[in-house]
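Sequence and computational prediction follow.
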Amino acid sequence: MFSHAIVRLPGENFASGLTTSGHLGAPDHRTMLVQHDMYVEALRACGLTIITLPPEEAFPDAHFVEDVAVVMPELAVITNPGAPARSGEPRSVAPVLGRYKRLARIAAPGTMDGGDVLLVDRHFFVGLSERTNAEGARQFEQIVSAYGYTVSTVPVGQGLHFKSGVNHLGGRTLLVTPDFAGLPALAGYELLVTPEDEEYAANTLLVNDALLTPAGYPGVRALLDGLGKRVIELDMSETRRMDGGLTCLSLRFSV
Ligand code: CIR
């Protein structure tokens, strides 16, 4: 069970962040703040205590806090984000996590974005992407294997991060896009596959007894309704314009 989440308020220049989704149009700051606030309220409704960090004008993607750390009960691994424009983001988050967890770090030439790391029980899937390299994955495995975790790497062909396409819904169930459905590493799990035009909603977030999912994806919603958990739909339009999703807006952990 998670007890805490770190979030960061989106800065006024958040639209200057990295994006490949320009075709969706420019995001609106005021709308983003409203949607971010609703996201935070949903986390509170799941019982989490929220630690809110101020915007960082030097890092317009810094509200995507998930990418700068991987947090587990025993420790937090501070990443080395793979996009040069984001490599300074961990600096301000590490001391906050350090109040709650022992810290370890991924160091250059290793790179890693938290969005590529999915924990299922005691196993980590690490996506190898444009942001996370094999050396980052190797360092990560060396760190977490000392705590009894296992790690496997998986290629991220399309999409920004592994969790753009694969997420854990509880038990042995994963929500995946059609692209990831045939991945050998996922054999043995029960896969719920998003409809072709609803890939964005694969980024659904399990928080304690609830599933947070983007609003407007009825096919995915129907899949989630079959799981017997509380489902909370959130409007993610402005986050999506910046290639982000539900998982990337917070770092969840237990203390
Ligand atoms: C980036 O390209 O790094 C940001 N605009 C979006 C990061 C989204 N992070 C995530 O899904 N974990």
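Thanks, I have the structure now.

Enumerate the residues of this protein near the ligand.
Neighbours of the ligand within the chain, by CB under 6 Å from any ligand atom: 17-19, 61, 64, 66-67, 83, 86, 115, 160-161, 242-245, 247-248. From N, CA and C alone the C-beta is placed, and that goes for glycine too.

switch to 8 Å and redo it
17-20, 61, 64, 66-67, 81, 83, 86, 113-116, 131, 160-161, 163-164, 203, 242-245, 247-248 (CB under 8 Å from any ligand atom).

which stretches of the stretch 51-200 of the chain form strands?
With DSSP state E, counting those that start in this stretch as the criterion, the stretch 51-200 of the chain has strands at 69-71, 75-78, 102-105, 117-120, 123-128, 150-155, 166-170, 173-176, 190-193.

Can you get me a residue count around the residue in the stretch 51-200 of the chain that the ligand sits nearest to?
Going by CB to the nearest ligand atom, the ligand is nearest to Gly115 of the stretch 51-200 of the chain, at 2.5 Å. With neighbours defined by other CB atoms under 10 Å, the count for Gly115 comes to 29.

From Glu66, how far off is it?
Computed as CB to CB, to the nearest Å, the Gly115 to Glu66 distance reads 6 Å.

which neighbours do the two share?
Common neighbours of Gly115 and Glu66 are listed as Thr247, Cys248 (criterion: CB atoms under 8 Å, 6 or more residues apart in numbering).

Show me the shaky parts of the stretch 151-255 of the chain.
In the predicted model of the stretch 151-255 of the chain, no residue satisfies pLDDT under 70.

Helices of this structure, residue ranges please.
29-45, 90-98, 134-145, 218-225, 237-240 (DSSP state H).

which of these sits most buried?
helix 237-240 (a mean of 21; mean count of other CB atoms under 10 Å).

Can you tell me what sits against that helix?
21, 24, 27-28, 31-32, 35-36, 200, 214, 245-246, 248-249.

Which of the residues you listed sits closest to the ligand?
Cys248 (2.9 Å).

Read off the pLDDT value for Pro27.
Looking at Pro27, its pLDDT stands at 95.

next one: phi and psi at it?
Dihedral pair for Pro27: phi -80, psi 160, per degrees, to the nearest 10.

Run a quick neighbour tally on it.
Count around Pro27 with other CB under 10 Å applied: 21.

and the residue lying closest to Ala26 once chain neighbours are set aside, what pLDDT?
In space, and not counting its chain neighbours, Ala26 is closest to Ala15: 5.6 Å by CB to CB, 6 or more residues apart in numbering. Ala15 is assigned 95 on the pLDDT scale.

what's near enough to touch the closest residue to Phe59 other than its chain neighbours?
Distance criterion CB to CB, 6+ apart; nearest residue to Phe59, sequence neighbours excluded, is Glu89 at 5.1 Å. Going by CB under 8 Å, 6+ apart, Glu89 touches Glu56, Phe59, Asp61, Ala62, Asp67, Val68, Pro81.

Turn those into JSON lines, columns for pLDDT.
Listed next are these as JSON lines, based on pLDDT from 0 to 100:
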{"residue": "Glu56", "pLDDT": "96"}
{"residue": "Phe59", "pLDDT": "98"}
{"residue": "Asp61", "pLDDT": "98"}
{"residue": "Ala62", "pLDDT": "98"}
{"residue": "Asp67", "pLDDT": "98"}
{"residue": "Val68", "pLDDT": "98"}
{"residue": "Pro81", "pLDDT": "98"}
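
Could you save those residues as CSV and add columns showing distance to Ala42 and neighbour count?
What follows is those, written out as CSV (distance: CB to CB, whole Å; neighbours: other CB atoms under 10 Å):
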residue, distance to Ala42, neighbour count
Glu56, 23, 19
Phe59, 24, 24
Asp61, 21, 25
Ala62, 21, 26
Asp67, 20, 30
Val68, 21, 29
Pro81, 25, 26
